[in-house]
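Undergrad: model this:
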Amino acid sequence: LGLNQTAQPSERVTLGIIGVGSRGVQLIHAFLGFPNAQILAVCDPYRSKCEEAKNLIETHYGSGQGSYTGCATYTDFRELIARPDIDAVVVASPEHWHGIHGAMAAEAGKDIYGEKALTLTVSEGRALANEVRRYGRVFQVGLQQRSRNDFRFACELARNGYVGRLHTIQVGVPGGRSLPNVAPAPVPPDLDYEMWLGPAPYTPYNELKCTFNWYFMYDYCVGWIQSWGVHHIDTAQWGAPSLATGQLRVKGTATFPTTGLADTSLTWRVECRTENDLLLRFSDDGYYEHGCRFEGSEGWVHISREVMKAEPPSLLKVVIKPEDEHLYDSQNHQANFLECVRTRREPAAPVEAGHTATTITILADIATRLGRELLWDWESERFVSDEDANRILARPMRAPWAI
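TA: Have a look, this model is predicted:
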């Protein structure tokens, strides 16, 4: 029965959360707000983080869903996805785990809400997308700007020609960070360090690595060029689909730390040009304004999470016509995922969108590391006549992990 304004058990989507660091806890709070969802388990290599998440969840359900039997904790995600009573998983682990967590969850018959960037490498992204389709799963990428009216409106202005002929897109996101050197240290007793490393190369534990700082270590993430960049790059491709079709010329420069633990770009200036001569300029926001700007022959529109502006300003008063192209209408990213789990409808940010947006950010990074212009072919998902660049599209994984 659904008593006290709760959904009856047969209508609830049961969830397991993989990764309960800062972003995982934010998503726990989000999903706890839906009476048609129930979190049954959490998983993290840190046992203390699991216990904190368990207490948060059980405290919430203790006052609302009387039949709730408690939240289980795991350090090995394979135990969580093996549970037949879990319908879907939320993947909020570091980037180097995203492909394996998502693919194994799909194979286990789970639907997936997967945090951005989709995967660490291009080859993992293609493999993950293939597994999601092979097993017929719903996959919502955590590109939540697709569930905001202002971002959708900006993209509809661009796609329907309200700025004239679209010729340039300008994207700015936060730049990277440097980190000091620190000595190896004993592994904390509550951390399963082997499970935290997973497929990444083995390096000794230190007190900075297994925190927010992993975003700036290339073994675990490509840096802010990827993990922040994917948000506004996805907005760019939502407003200009040609960015992810045909062939794309990519060139750019970047600065990198010269000492310390961080080895991802601090600043970058990248240009991508499509076959129809659309130019994407992508940089850290110390150079281009933060957000995504669509520039056309008759004006421009700029969108970020803080502001929307246009020239002429009258563009902001446009009413999209019934006969115009209308983009997917989602008002809440997590609610949209739960709805799609029940209806089997495609979500607002499907796995292929996450893959192409993530790929563009990785292409940008590869071009800056190699220091030359590259030609990318979307059909083959390979660089044309550049095997040095193609070798960077995949990375070896430590046994026993593979995707």
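
Undergrad: ranges for the helices of the stretch 101-250 of the chain?
TA: Secondary structure of the stretch 101-250 of the chain (DSSP state H, counting those that start in this stretch): helices located at 122-134, 149-159, 193-197, 224-227, 229-239.

Undergrad: mind checking the longest helix of the protein?
TA: Identified as the longest helix of the chain according to DSSP state H is helix 351-370.

Undergrad: returning to what we had before: got JSON lines for the helices of the stretch 101-250 of the chain, with distance to residue 379, mean pLDDT and mean neighbour count too?
TA: (Glycine included, C-beta is placed from N, CA and C.) Formatted as JSON lines, the helices of the stretch 101-250 of the chain follow (distance: least, C-beta to C-beta, whole Å; pLDDT from 0 to 100; neighbours: other C-beta atoms under 10 Å):
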{"stretch": "helix 122-134", "distance to residue 379": "12", "mean pLDDT": "98", "mean neighbour count": "21"}
{"stretch": "helix 149-159", "distance to residue 379": "22", "mean pLDDT": "98", "mean neighbour count": "21"}
{"stretch": "helix 193-197", "distance to residue 379": "35", "mean pLDDT": "98", "mean neighbour count": "17"}
{"stretch": "helix 224-227", "distance to residue 379": "23", "mean pLDDT": "98", "mean neighbour count": "27"}
{"stretch": "helix 229-239", "distance to residue 379": "16", "mean pLDDT": "98", "mean neighbour count": "27"}
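
Undergrad: Ok, which of those helices comes nearest residue 390?
TA: Across the helices of the stretch 101-250 of the chain, residue 390 has its closest neighbour in helix 122-134 (9.5 Å, C-beta to C-beta).

Undergrad: quick one, what contacts residue 395?
TA: 120, 121 (C-beta atoms under 8 Å, 6 or more residues apart in numbering).

Undergrad: need the contact list for residue 46.
TA: 20, 188, 190, 191, 196, 210.

Undergrad: My guess is residue 217 contacts residue 227. True?
TA: No. Using C-beta atoms under 8 Å, residue 217 makes no contact with residue 227, being 11.6 Å away.

Undergrad: hey, where'd the strands end up in the stretch 251-400 of the chain?
TA: 267-274, 279-284, 291-296, 299-303, 308-311, 374-377, 382-383 (DSSP state E, counting those that start in this stretch).

Undergrad: Turn the ones you listed into JSON lines, columns for distance to residue 120 and mean neighbour count.
TA: Putting the strands of the stretch 251-400 of the chain into JSON lines (distance: least, C-beta to C-beta, whole Å; neighbours: other C-beta atoms under 10 Å) gives the following:
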{"stretch": "strand 267-274", "distance to residue 120": "18", "mean neighbour count": "21"}
{"stretch": "strand 279-284", "distance to residue 120": "19", "mean neighbour count": "22"}
{"stretch": "strand 291-296", "distance to residue 120": "24", "mean neighbour count": "24"}
{"stretch": "strand 299-303", "distance to residue 120": "28", "mean neighbour count": "22"}
{"stretch": "strand 308-311", "distance to residue 120": "32", "mean neighbour count": "17"}
{"stretch": "strand 374-377", "distance to residue 120": "18", "mean neighbour count": "18"}
{"stretch": "strand 382-383", "distance to residue 120": "18", "mean neighbour count": "19"}
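
Undergrad: want to try CSV for these, with distance to residue 154 as columns?
TA: Listed next are these as CSV, based on distance: least, C-beta to C-beta, whole Å:
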stretch, distance to residue 154
strand 267-274, 19
strand 279-284, 15
strand 291-296, 7
strand 299-303, 4
strand 308-311, 6
strand 374-377, 25
strand 382-383, 31
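
Undergrad: out of the ones you listed, which comes closest to residue 135?
TA: strand 382-383 (25.6 Å).

Undergrad: re earlier: for the helices of the stretch 101-250 of the chain, give me CSV that also has distance to residue 378.
TA: Listed next are the helices of the stretch 101-250 of the chain as CSV, based on distance: least, C-beta to C-beta, whole Å:
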stretch, distance to residue 378
helix 122-134, 11
helix 149-159, 19
helix 193-197, 32
helix 224-227, 18
helix 229-239, 11
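
Undergrad: who wins for proximity to residue 140 among the ones you listed?
TA: That would be helix 122-134 among the helices of the stretch 101-250 of the chain, by C-beta to C-beta, at 10.6 Å.

Undergrad: Run the angle between that closest one and helix 351-370 for me.
TA: With axes from the mean of the first three to the mean of the last three C-alpha atoms, to 10 degrees as the basis, helix 122-134 and helix 351-370 are set at 170 degrees to each other.

Undergrad: Can you tell me the closest non-neighbouring residue to residue 291?
TA: Nearest non-adjacent residue to residue 291, counting by C-beta to C-beta, 6 or more residues apart in numbering: residue 304, 3.0 Å away.

Undergrad: Contacts only, for that neighbour.
TA: Residue 304 neighbours (C-beta under 8 Å, 6+ apart): 232, 289, 290, 291, 292.

Undergrad: Quick test: name the residue nearest the centre of this protein.
TA: residue 116 (1.1 Å; C-alpha atoms, centre = their mean).

Undergrad: hang on, it packs against residue 142?
TA: Yes. Contact criterion C-beta under 8 Å: residue 116 and residue 142 qualify, at 4.9 Å.

Undergrad: Can you say which of the contacts of residue 46 are buried?
TA: Buried by 16 or more other C-beta atoms under 10 Å: 20, 191, 196, 210, out of the contacts of residue 46.

Undergrad: Please enumerate the strands of the stretch 51-200 of the chain.
TA: 72-74, 88-91, 111-114, 139-141, 166-173.

Undergrad: need the strands of the stretch 251-400 of the chain in JSON lines with distance to residue 96 and mean pLDDT, can you?
TA: Formatted as JSON lines, the strands of the stretch 251-400 of the chain follow (distance: least, C-beta to C-beta, whole Å; pLDDT from 0 to 100):
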{"stretch": "strand 267-274", "distance to residue 96": "21", "mean pLDDT": "98"}
{"stretch": "strand 279-284", "distance to residue 96": "23", "mean pLDDT": "98"}
{"stretch": "strand 291-296", "distance to residue 96": "27", "mean pLDDT": "98"}
{"stretch": "strand 299-303", "distance to residue 96": "30", "mean pLDDT": "98"}
{"stretch": "strand 308-311", "distance to residue 96": "35", "mean pLDDT": "98"}
{"stretch": "strand 374-377", "distance to residue 96": "23", "mean pLDDT": "98"}
{"stretch": "strand 382-383", "distance to residue 96": "22", "mean pLDDT": "98"}
